[in-house]
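Visitor: Sequence plus the predicted model coming up.
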Amino acid sequence: MASEASLASRFFVLEHDLLGPHDTQFRDVKPINLGDAFLCPRCGDAISMLTWMPPYRVELELHGQGFGDFVEGTGYDVLISERMAEAFRAEELTGLLGFHPVEVVRVRRKRKGAKPGAVPRYFAVTACFGRGAVDEERSRLRRAEAVTCPECRNPGRDSIHGFVLEPDTWRGEDVFRPRGLQGRILVSERFAEFVRCHGFTNMKLIPTEEFVWDPLHLGPPATTPEIPTH
């Protein structure tokens, strides 16, 4: 049954591997062309930052010893290496959009060490906005304001101490931004296996039920639901 499949599915928060051996980040090179943000189709509020428009020109910051296959910047777009892009398409994974070739204008090395290899070719991609929705009742969340829109689930949260998705809301994307937490990228078990199989670098995959975001050190909510584990 679909509900059983949804409950059995495991998801991971995708982040770059900060201070790891392939820690690579990027900055846009001015002038930067920006388009409109994505809006919630129901309430009209923005659910993203302004969109990045061509030309796609970047400056890489190399904090690790070698270039990563996954590179984050300051916006919603990320960079993936050519080898990762080719494998993603060949294995027919879903959820990444764009695949725009990127011009690397310069590389700034942030640590001493051996000279890194050649700069890989990168592509700019965005994760789609999925239908998967954060389950407010079964997740450990703190929020100052109640949800006002059942579609986008805004406003944001004050802290997260593990979360799950509502059954039957995920539509099978391998990479997506969930409703209620559009600022994060979630990936499927299939994507996690894809990363492990190919040895792609500069990625951390955190199970959603173990994900913690608490910048104000508020701690978990007083009423803490039991989050299912796999």
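Guide: Looks like it came in fine. Numbers count the residues shown, from 1 in each chain.
Visitor: what's the residue closest to the geometric middle of this structure?
Guide: By Cα atoms, centre = their mean, the chain has its centre lying nearest to residue 185, at 2.4 Å.
Visitor: So what sits opposite that residue in the bridge?
Guide: residue 14 (DSSP bridges).
Visitor: Report the rounded mean pLDDT for the longest strand anywhere in the chain.
Guide: When the chain is parsed with DSSP state E, its longest strand is strand 122-133. Per-region confidence: strand 122-133 scores 97 on mean pLDDT.
Visitor: Does anything pack onto it? Which helices or strands?
Guide: The elements that strand 122-133 packs onto, with contact taken as 3 or more Cβ pairs under 8 Å, 6 or more residues apart in numbering; DSSP states H and E, are strand 78-81, helix 82-90, strand 96-101, strand 175-179, strand 185-188. Every residue, glycine included, has its C-beta placed from N, CA and C.
Visitor: so who does the residue at the greatest distance from the centre of the chain touch?
Guide: The outermost residue of the chain, judged against the average C-alpha position, is residue 114 (30.2 Å), by Cα atoms, centre = their mean. Applying Cβ atoms under 8 Å, 6 or more residues apart in numbering, we find residue 114 in contact with residue 65.
Visitor: For it, give me phi and psi.
Guide: phi -60, psi 150 (degrees, to the nearest 10).
Visitor: if I look at it, how far off is residue 62?
Guide: 12 Å (Cβ to Cβ, to the nearest Å).
Visitor: Check residue 122 too.
Guide: 13 Å.
Visitor: the more surrounded of these two?
Guide: Between residue 122 and residue 62, counted using other Cβ atoms under 10 Å, residue 122 has the larger neighbour count: 28 against 21.
Visitor: Pretty sure the residue nearest to the centre of the chain sits against residue 14.
Guide: Yes: the pair residue 185 / residue 14 is scored as a contact, 4.4 Å apart, by Cβ atoms under 8 Å.
Visitor: hang on, the earlier thing: Throw the helices and strands packed on strand 122-133 into JSON lines and include mean pLDDT and distance to residue 108, thanks.
Guide: What follows is those, written out as JSON lines (pLDDT from 0 to 100; distance: least, Cβ to Cβ, whole Å):
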{"stretch": "strand 78-81", "mean pLDDT": "98", "distance to residue 108": "15"}
{"stretch": "helix 82-90", "mean pLDDT": "98", "distance to residue 108": "21"}
{"stretch": "strand 96-101", "mean pLDDT": "98", "distance to residue 108": "21"}
{"stretch": "strand 175-179", "mean pLDDT": "97", "distance to residue 108": "28"}
{"stretch": "strand 185-188", "mean pLDDT": "98", "distance to residue 108": "25"}
